[in-house]
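Engineer: I would like the atomic coordinates for the input below:
(chains A, B, C and D)
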Number of protein chains: 2
Amino acid sequence: MQKQPTIRDVAQVAGVSVAVVSRVLNPGSGPVAEATRGRVNDVMKNLGYHPRTAARELKFGPPTTLGLLLADVSNPFFARLADRVVQEAHARGIQVLLMTTQEDDQLESERLATLIERRVSGIIATPTGNNLAIWKQLQDLGTDVVFVDRSIPSLPEVDVVSIDNFESARSATALLAAHGHRRIGIISGPAASSTGRDRIAGYRQALETAGLEQDELLIRHAAFRGSAGGDAASALLSIEEPPTALVVANTAQVTEVLRRLSHAGIDIPGTLSVIVFEDSPWTELMTPALTIVRQPIDLLARHSVQLALSNTQGKTSGEPKIIRVAAELVERSSVARVHFTK
Amino acid sequence: MQKQPTIRDVAQVAGVSVAVVSRVLNPGSGPVAEATRGRVNDVMKNLGYHPRTAARELKFGPPTTLGLLLADVSNPFFARLADRVVQEAHARGIQVLLMTTQEDDQLESERLATLIERRVSGIIATPTGNNLAIWKQLQDLGTDVVFVDRSIPSLPEVDVVSIDNFESARSATALLAAHGHRRIGIISGPAASSTGRDRIAGYRQALETAGLEQDELLIRHAAFRGSAGGDAASALLSIEEPPTALVVANTAQVTEVLRRLSHAGIDIPGTLSVIVFEDSPWTELMTPALTIVRQPIDLLARHSVQLALSNTQGKTSGEPKIIRVAAELVERSSVARVHFTK
DNA sequence: ACATAAAAGTGTACCGGTTCCACTTATTTT
DNA sequence: AAAATAAGTGGAACCGGTACACTTTTATGT
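Structural biologist: Below is the predicted model of the structure:
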């Protein structure tokens, strides 16, 4: 455990002033003779000198750190998003501070306070839907805020990157209708979430286009966390005229719903056709292989990082940007054709 | 976009000196009159003042940030580990800087350089196995380094937290032997990895105890990334006397191996019994439900964070700590009893 | 009432970089 | 050869907090 050398140590050993060392450290900030540069570099190597980021950040706000505030990294969707965001950021020389909210307002506000104190240049987040004042404050402070996957309607001035939830749910539902299903259930996110609402809207649109009756009993909202998804599935199956097809549009609850269906001994797709919003590799391994809505996580990540750094990079456009990317419907074997027996 | 208030602005508006404001900010660092404290707090709120972490960190090395350097967060095991580590750290008021190496030496060394410059107090990492000099340097600098899940034999002085790989593989193999299997294959991590070696060793031990012949053809190493796992599976199945049971001990390659088995039309467990090192929820959803070795990720995370902060917290013990936690063998339906037909 | 101790508050050096400006020396221009 | 210009370097202020040494105010004891 040695004491760390500072720029002054380097300067002294190299026999130059700190200003020169600083110029060697930041090429382009001023002239340095070739010979001097070499000597200083050698000394830095010998001493094991590394400039402290903290000192550097003191002078300017650091465009070198991004906050990534997710609900929960154990959810594969967020995990992959985190992975891509980190890669994208690293490619730009940016570091990522990872925080989780567990969908908890209180935790979210604490994490945001920390991010403010760190003066991060941008934040990519899946907001809980509360803490409006803090989000506003962040923006006033000049932090680039980007909501990914979800949005908060009462904060229309924030950039948003997400899949086209309406269209995804619409096409999934339309596929089921095209296979002859007339009773199509849907489990989506909380009614309060933009994601949940948009998906339900797409679902309704598809039913309407197909000329199918809408039954509120077939629409269920499930919270992001906990076993709400399972309960919703059980409820759907126990109604008088149960669905013959199901769209599981609450990404966070997919495994929970499937577990419940499996335990209930439901035959897929014999008794129930299923389409899920989930693109992990295991959906292909199941019997039957699941028909899924695949979210282009790479694109979400790339756009998010880009937006989160855009203002910093000079592009201070006024209008908030809403980027919607298309999701892909991957047909496998969990959707069956229904024969009109009744 | 307003300019940020500093501690001096607060002091001036509140009509006190900066020292008093600093004391209000750090309770316990000195006496402040109740009335003054209230006034200062009000001013801070009104001005929207937030102390800058960077300035604080300049004075002392920050025990407020941890580096988490993982191979790849899209792997569910690492994702869950990240999730828990972040939670544990947050519970202690510590932030986590997430970085990924993609198993690439070069990237790893760049990330480590960044972590050095940030003067993080601790690093939790899944090392690639190279960059020995940098790891050494980190330790000399007083950074608490903890390897999780893997270790580097040539760096024996680094703390390690992992499951008991030997025992896990031994018990999984023993279970198969107890079910009458005599040709048991294993796919494990690279021969160069500690994880891979330990698991193979446990496997051998189990075979020996059961009095079974060891056949090198039944032992396959697969790289962490790419489709090496699938190739290993194919190779295993095409040998002259193929195995009737398989232990997939390369966590990173489980889905790849299963996909290959599925495409090959292998009946599980009829033709091949399978035990995998993987504890994601989906392993229960498959048909048949998979018998798995469950890694206690919560414990791994808790111990890692604790070790990564231990030196900072004063406990400068000399000996490197090796913490091995027991993994749990969860029996489901992918292992069948073999009847001695030959 | 007066000494004395405790509480409250102030001034300022310091952490480790960056950068502006002044200064010296070498090179080019006319 | 004198003057103008450019290249290389050094000194010191500054960023925004923290903490030590010190002064002033208030409370306590006899």
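
Engineer: secondary structure element for the closest residue to chain B within chain A?
Structural biologist: Closest contact between chain A and chain B, by Cβ to the nearest Cβ, is at A:A79 (3.3 Å). Bear in mind the C-beta positions are built from the backbone N, C-alpha and C, glycine included. Secondary structure from DSSP states H and E places A:A79 in helix A:76-91.

Engineer: doesn't A:L97 belong to a strand?
Structural biologist: Yes: A:L97: assigned to a strand according to DSSP: H, G, I helix; E, B strand; the rest coil.

Engineer: so what's the residue of chain A closest to chain B closest to, chain neighbours aside?
Structural biologist: The shortest distance from A:A79 to any non-neighbouring residue, by Cβ to Cβ, 6 or more residues apart in numbering or on different chains, is to B:A79 (3.3 Å).

Engineer: the one you found - how many residues pack around it?
Structural biologist: In terms of burial, B:A79 registers 25 neighbours under the definition other Cβ atoms under 10 Å in any protein chain shown.

Engineer: check A:H50 too.
Structural biologist: One way to gauge burial is a neighbour count; for A:H50, by other Cβ under 10 Å, it gives 18.

Engineer: likewise A:A14?
Structural biologist: The burial count assigned to A:A14 is 20, neighbours taken as other Cβ under 10 Å.

Engineer: list the contacts for the nearest residue to it once chain neighbours are set aside?
Structural biologist: Distance criterion Cβ to Cβ, 6+ apart; nearest residue to A:A14, sequence neighbours excluded, is A:V43 at 4.3 Å. When contacts are counted by Cβ atoms under 8 Å, 6 or more residues apart in numbering or on different chains, A:V43 touches A:10, A:13-14, A:49.

Engineer: sorry, back to before: pretty sure the residue of chain A closest to chain B is touching B:L81, no?
Structural biologist: No: contact status for A:A79 versus B:L81: not in contact, 10.3 Å apart, counting by Cβ atoms under 8 Å.

Engineer: in chain A, mark out all the helices, start to finish.
Structural biologist: Read by DSSP state H, chain A holds these helices, from start to end of the chain: A:7-14, A:18-25, A:34-47, A:53-59, A:76-91, A:105-118, A:132-140, A:165-178, A:194-210, A:228-237, A:254-263, A:282-285, A:297-310.

Engineer: may I see the ones you listed organised as JSON lines, with distance to B:S171 added?
Structural biologist: Formatted as JSON lines, the entries for those read as follows, by distance: least, Cβ to Cβ, whole Å:
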{"stretch": "helix A:7-14", "distance to B:S171": "54"}
{"stretch": "helix A:18-25", "distance to B:S171": "54"}
{"stretch": "helix A:34-47", "distance to B:S171": "49"}
{"stretch": "helix A:53-59", "distance to B:S171": "46"}
{"stretch": "helix A:76-91", "distance to B:S171": "28"}
{"stretch": "helix A:105-118", "distance to B:S171": "38"}
{"stretch": "helix A:132-140", "distance to B:S171": "50"}
{"stretch": "helix A:165-178", "distance to B:S171": "43"}
{"stretch": "helix A:194-210", "distance to B:S171": "43"}
{"stretch": "helix A:228-237", "distance to B:S171": "31"}
{"stretch": "helix A:254-263", "distance to B:S171": "26"}
{"stretch": "helix A:282-285", "distance to B:S171": "25"}
{"stretch": "helix A:297-310", "distance to B:S171": "36"}
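
Engineer: any chance of the ones you listed in TSV, plus distance to B:A206 and mean pLDDT?
Structural biologist: Compiled in TSV, those are given as follows (distance: least, Cβ to Cβ, whole Å; pLDDT from 0 to 100):
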stretch	distance to B:A206	mean pLDDT
helix A:7-14	56	96
helix A:18-25	56	95
helix A:34-47	50	95
helix A:53-59	49	90
helix A:76-91	32	96
helix A:105-118	44	94
helix A:132-140	55	91
helix A:165-178	47	98
helix A:194-210	48	96
helix A:228-237	37	95
helix A:254-263	31	92
helix A:282-285	27	91
helix A:297-310	40	94
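
Engineer: show the pLDDT at A:G318.
Structural biologist: The predicted structure scores A:G318 at 68 on the pLDDT scale.

Engineer: go on, A:A192?
Structural biologist: According to the prediction, A:A192 has pLDDT 86.

Engineer: ok, it touching A:T128?
Structural biologist: No: counting by Cβ under 8 Å, no contact exists between A:A192 and A:T128, whose distance comes to 9.9 Å.

Engineer: so these two - more neighbours on which side?
Structural biologist: With neighbours defined as other Cβ under 10 Å, A:A192 and A:T128 compare such that A:T128 has more, 22 against 13.

Engineer: return the distance of stretch A:135-147 from the chain's centre.
Structural biologist: Using Cα atoms, centre = their mean, to the nearest Å, the distance from the centre of stretch A:135-147 to the centre of the chain it belongs to is 17 Å.

Engineer: that one: end-to-end distance?
Structural biologist: 11 Å (Cα to Cα, to the nearest Å).

Engineer: what does that stretch rub up against?
Structural biologist: Among residues not part of stretch A:135-147, those counted as contacts by Cβ under 8 Å, 6+ apart are A:61, A:112, A:115-116, A:120-127, A:152, A:155, A:157-162, A:304, A:307-312, B:1-2, B:4, B:48.

Engineer: does that stretch come close to DNA strand D?
Structural biologist: No: judged by Cβ under 7 Å from any atom of the strand, stretch A:135-147 makes no contact with DNA strand D; its nearest approach is 12.3 Å.

Engineer: for that stretch, buried residues please.
Structural biologist: Across stretch A:135-147, burial judged by 16 or more other Cβ atoms under 10 Å in any protein chain shown covers A:135, A:137-139, A:141-147.

Engineer: that older thread, which parts of the helix holding A:A79 are buried?
Structural biologist: By neighbour count on 16+ other Cβ under 10 Å, the buried set for helix A:76-91 is A:76-90.

Engineer: and if you look at stretch A:97-106?
Structural biologist: Residues A:97-103 are the ones in stretch A:97-106 that count as buried (16+ other Cβ under 10 Å).

Engineer: likewise for stretch A:213-228?
Structural biologist: By neighbour count, and taking 16+ other Cβ under 10 Å as the criterion, the buried residues in stretch A:213-228 are A:218-225, A:228.

Engineer: which pair in the residues you listed spans the largest distance?
Structural biologist: Within the buried residues of stretch A:213-228, A:L218 and A:R225 form the most distant pair, 23.5 Å apart (Cβ to Cβ).

Engineer: what's the local residue count around the residue in the stretch 151-300 of chain A that DNA strand D sits nearest to?
Structural biologist: Among residues of the stretch 151-300 of chain A, the one nearest DNA strand D by Cβ to the nearest atom of the strand turns out to be A:V158. It sits 25.3 Å away. The number of residues packed around A:V158, counting by other Cβ under 10 Å, is 22.

Engineer: flag every residue of chain A that's near DNA strand C.
Structural biologist: Going by Cβ under 7 Å from any atom of the strand, the residues of chain A near DNA strand C are A:4, A:6-8, A:18-19, A:22-23, A:25-26, A:29-30, A:49-52, A:55-56, A:58-59.
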